[in-house]
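In: Sequence and predicted structure, then a few things I'm wondering about:
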Amino acid sequence: MTLDRQRIVTEAVALLDAEGLNGVTLRKLATRLGVRSPTLYWHLPNKAALVTAIAEAILEQEFPELAGPEPGERWQDWLMGLAERLRRALLAHPDGARVISASQLSLKMAAISELAMSALVARGIALREARLIVLTVERFTVGHVLEEQAPRPGEEELEGFDMAAFAAAHPTVMAGVSEYFAPGRTVDDLFRECLELIVEGAAAKIRPPTQ
């Protein structure tokens, strides 16, 4: 089978799914493809280029096409929907958020940012404010998923940890967590409600004051 960039990237995503980002190396990828590592350098000169290519593939799965808000659709609802799609894209693969955060040259991520900023500007929001809103939403989304995908403490880390003492020292924190999730809310709800605070808060701040 001919070794082309598409085949390499497809196998790289499979390697990510199998071993996480720490397991993605050019050596392991070459082994999976049945070639020697130097062969890959014709297509991907280094690890950074490989990670960027994986990021493009991850984003392309969720964003094969990009479209702005529909006529009459609130930009707030559209932007929150965009962020939820970005979260889905990152959660679809182990360490998806780490991949995106490490891919500073991702053209797809740049296209998403361009679309979001231009959509807000088209709705009358100043360029500076549009950039701040989009940047905040994107970084919140990636950061939220980074925490979701972070390894949870194992038995060794928890050995000797006094949960009762922790709860006694941080009663408001514990009460807040218990109160929020008691009705059956999920981390999806948590993401959405935090996102609403950001976007609706930004909308309220830029709204012209009542005369």
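Out: Perfect, thanks for sending it. Predicted model only: the values in this text are computed from it and were never measured.
In: any idea which element the residue most central in space within the chain lies in?
Out: For the chain, Val142 is the residue whose C-alpha lies nearest the centre (C-alpha atoms, centre = their mean; 3.6 Å). Assigning secondary structure by DSSP states H and E places Val142 in helix 127-149.
In: Pull the distance from that helix to the chain's centre.
Out: 9 Å (C-alpha atoms, centre = their mean, to the nearest Å).
In: contact partners of that helix?
Out: The contact list for helix 127-149 (C-beta atoms under 8 Å, 6 or more residues apart in numbering) reads 79-80, 82-83, 86-87, 90-91, 94-98, 100-101, 112-113, 116-117, 120-121, 125, 187, 191, 194-195, 198-199, 202, 206. In this view, the C-beta of every residue, glycine as well, is placed from N, C-alpha and C.
In: thinking again about what came up before, what does the pLDDT read for the residue nearest to the centre of the chain?
Out: Looking at Val142, its pLDDT reads 97.
In: how close does it get to Ala18?
Out: According to C-beta to C-beta, to the nearest Å, Val142 stands 23 Å off from Ala18.
In: Same check on Arg139?
Out: Arg139 is 28 Å from Ala18, by C-beta to C-beta.
In: ok, now Phe191?
Out: For Phe191, the distance to Ala18 equals 26 Å [C-beta to C-beta].
In: Give me the more crowded residue out of the two.
Out: Higher neighbour count among Phe191 and Ala18: Phe191, with 19 against 12, using other C-beta atoms under 10 Å.
In: which ones are touching that one?
Out: Phe191 neighbours (C-beta under 8 Å, 6+ apart): 84, 87, 144.
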